[in-house]
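A.B. asks: need a structure here:
(one chain, ligands or ions: 1)
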Amino acid sequence: MPQYRQLGTTPAKRHTIHAISGDPNQLSGGYKNEGIYYEEVITTEGFSRAYSIVYHLRPPTRVRRVEFVGTKPIEAAEQGALRHLHLKSSGIAAQGDPITGRVPLLFNSDVVISRCRPSQPQAELYRNAQADELIFVHRGSGVLRTMFGELPFREFDYIVIPKCTTYELCFNQLASSDDPAADLLVVEAIGSLGFPPRYLNPDGQFRLGAPFCERDLHGPASLTPVDSEAPITLCIKDGDHWTRYELANHPFDVVGWDGMVYPYTFNADDFEPITGKIHQPPPIHQTFQASGFVVCTFAPRLLDTHPHAIKVPYAHNNVESDELLYYVRGQFGSRRGVEIGSLTLHPHGIPHGPHPGTIAASMNAKSTDELAVMVDTFRPLKIAKQAASLEDTSYPYSWLD
Ligand SMILES: [Fe+2]
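C.D. replies: Coordinates of the predicted model:
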């Protein structure tokens, strides 16, 4: 979880009157002339883990209509042979909005990985009831609007949105058929998504040796409550089930909050790579940890310094792990044939390694400019139907000379 944060006004004691007048003994004004701001406590893992407390202009429970939209299960493709997979997602269509335009490509019971090139502004407020969302902004900038305030985002940001956060993702420029101006990798974490515990000291602060720290995490920058009684719709994704709520007032009517549950950004270029004399294993790139998977950032870095160091990864057999890599920027030293926007999946059960010629080609290299995002899952990933048309079927044979 990110560090404790406070924005706007909160009363001195939790669960006490937050008076509009500033004086708990002088209550008047506001909703139903009760004279108070309405407290909502957002908790995680029941009441056991991090929480935030927010204060609304109106109770957050005012619903006018509930409508079941339907189920949208992810359809699995014919899985076929156990094989290395290369999906060329750089050509996916610009379509839909930041929610409806998502194209699920790989999934299991812990995670869903989608690509999205939104061409329209978000049509309705949205909430994911079961999954924390990690949105990697490959291209684009804008602002995430939630009840916690406005969170600006930019290219190469990871945006972390805790489950049950109602949001609107607004881009400065949307994608079109000839311009991928808004381009996202979306990772839904069914369990809680946080930082590797080994990065934190017993006091909860990032250790000096961790590859980033509190200064690199950016929470909502400003808070302006939306005071509107106009009904507004909210779409809730609850696993495969979608429900539409008509709320009696705008839910971003918060005057203040504090706590440790809120959306935040971390920019991949703020990752501080750990380098060594010889090749360092993938966990040094780890950025996030969730139930059943980890997320790593392969950021530009100096390469190994031993005079005989092999500067690309050794062939490895990732037992009990599926390794998904999304290529963002630069030249990836160990791979041939991948392009920006490619996804490679190196599954459990079969080894993979550097492509022929890349060991020799890397010997005199002093640094790499590659930027890639890796999702390593501990349960096998399934291939979604939409991924089938993106597959480069020659990839399993690409290690031949
Ligand atoms: Fe690997």
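A.B. asks: now the strands for the stretch 1-150 of the chain?
C.D. replies: Applying DSSP state E, counting those that start in this stretch to the stretch 1-150 of the chain gives strands spanning 5-8, 18-19, 36-43, 51-56, 63-71, 85-88, 102-107, 111-116, 125-128, 132-139, 142-146, 149-153.
A.B. asks: which ones are touching the closest residue to Glu272 other than its chain neighbours?
C.D. replies: Computed as C-beta to C-beta, 6 or more residues apart in numbering, the closest residue to Glu272 that is not its neighbour in sequence is Pro211, at 4.6 Å. Every residue, glycine included, has its C-beta placed from N, CA and C. By C-beta atoms under 8 Å, 6 or more residues apart in numbering, the contact list for Pro211 reads 199, 271-274, 284-285, 287.
A.B. asks: need the strands of the stretch 1-150 of the chain in JSON lines with mean neighbour count and mean pLDDT, can you?
C.D. replies: Shown next, in JSON lines, are the strands of the stretch 1-150 of the chain (neighbours: other C-beta atoms under 10 Å; pLDDT from 0 to 100):
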{"stretch": "strand 5-8", "mean neighbour count": "17", "mean pLDDT": "98"}
{"stretch": "strand 18-19", "mean neighbour count": "21", "mean pLDDT": "98"}
{"stretch": "strand 36-43", "mean neighbour count": "19", "mean pLDDT": "98"}
{"stretch": "strand 51-56", "mean neighbour count": "22", "mean pLDDT": "98"}
{"stretch": "strand 63-71", "mean neighbour count": "11", "mean pLDDT": "98"}
{"stretch": "strand 85-88", "mean neighbour count": "22", "mean pLDDT": "97"}
{"stretch": "strand 102-107", "mean neighbour count": "22", "mean pLDDT": "98"}
{"stretch": "strand 111-116", "mean neighbour count": "24", "mean pLDDT": "98"}
{"stretch": "strand 125-128", "mean neighbour count": "21", "mean pLDDT": "98"}
{"stretch": "strand 132-139", "mean neighbour count": "23", "mean pLDDT": "98"}
{"stretch": "strand 142-146", "mean neighbour count": "21", "mean pLDDT": "98"}
{"stretch": "strand 149-153", "mean neighbour count": "20", "mean pLDDT": "98"}
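A.B. asks: Reformat those as a markdown table; add distance to His250.
C.D. replies: Shown next, in a markdown table, are the strands of the stretch 1-150 of the chain (distance: least, C-beta to C-beta, whole Å):
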| stretch | distance to His250 |
| --- | --- |
| strand 5-8 | 16 |
| strand 18-19 | 19 |
| strand 36-43 | 14 |
| strand 51-56 | 10 |
| strand 63-71 | 13 |
| strand 85-88 | 39 |
| strand 102-107 | 25 |
| strand 111-116 | 25 |
| strand 125-128 | 9 |
| strand 132-139 | 21 |
| strand 142-146 | 10 |
| strand 149-153 | 14 |
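A.B. asks: Could you check how many residues crowd around the nearest residue to Ala76 once chain neighbours are set aside?
C.D. replies: With sequence-adjacent residues excluded and distances taken as C-beta to C-beta, 6+ apart, Ala76 is closest to Lys382, at 4.9 Å. Per other C-beta atoms under 10 Å, the neighbour tally for Lys382 reads 15.
A.B. asks: is Lys382 in a bridge, and if so with what?
C.D. replies: Beta-bridge pairing of Lys382 under DSSP bridges involves Phe107.
A.B. asks: isn't it right next to Pro73, touching?
C.D. replies: No. Here Lys382 does not reach Pro73: they are 11.9 Å apart, not a contact under C-beta atoms under 8 Å.
A.B. asks: re the thing from before, retrieve the pLDDT associated with the residue nearest to Glu272.
C.D. replies: With respect to pLDDT, Pro211 scores 98.
A.B. asks: and what of Ser362?
C.D. replies: 87.
A.B. asks: Distance of it relative to Phe332?
C.D. replies: The spacing between Ser362 and Phe332, counted by C-beta to C-beta, to the nearest Å, is 11 Å.
A.B. asks: Looking at the two, which one has more neighbours?
C.D. replies: More neighbours surround Phe332 than the other of Ser362 and Phe332, with 24 against 18 (other C-beta under 10 Å).
A.B. asks: give the contact list for the more buried one.
C.D. replies: 338, 370, 372.
A.B. asks: In this protein, what residue spans correspond to helices?
C.D. replies: 358-362 (DSSP state H).
A.B. asks: where's Met374 relative to Thr44, distance?
C.D. replies: From Met374 over to Thr44 the distance is 25 Å, taken as C-beta to C-beta.
A.B. asks: nope, Thr224 is what I meant
C.D. replies: Noted for Thr224: a distance of 26 Å to Thr44, by C-beta to C-beta.
A.B. asks: before we move on, what about Ser192?
C.D. replies: 6 Å.
A.B. asks: If Glu40 is in a bridge, with which residues?
C.D. replies: Under the criterion used (DSSP bridges), Glu40 bridges to Val54.
A.B. asks: how about it, what does it touch?
C.D. replies: 53-56, 60.
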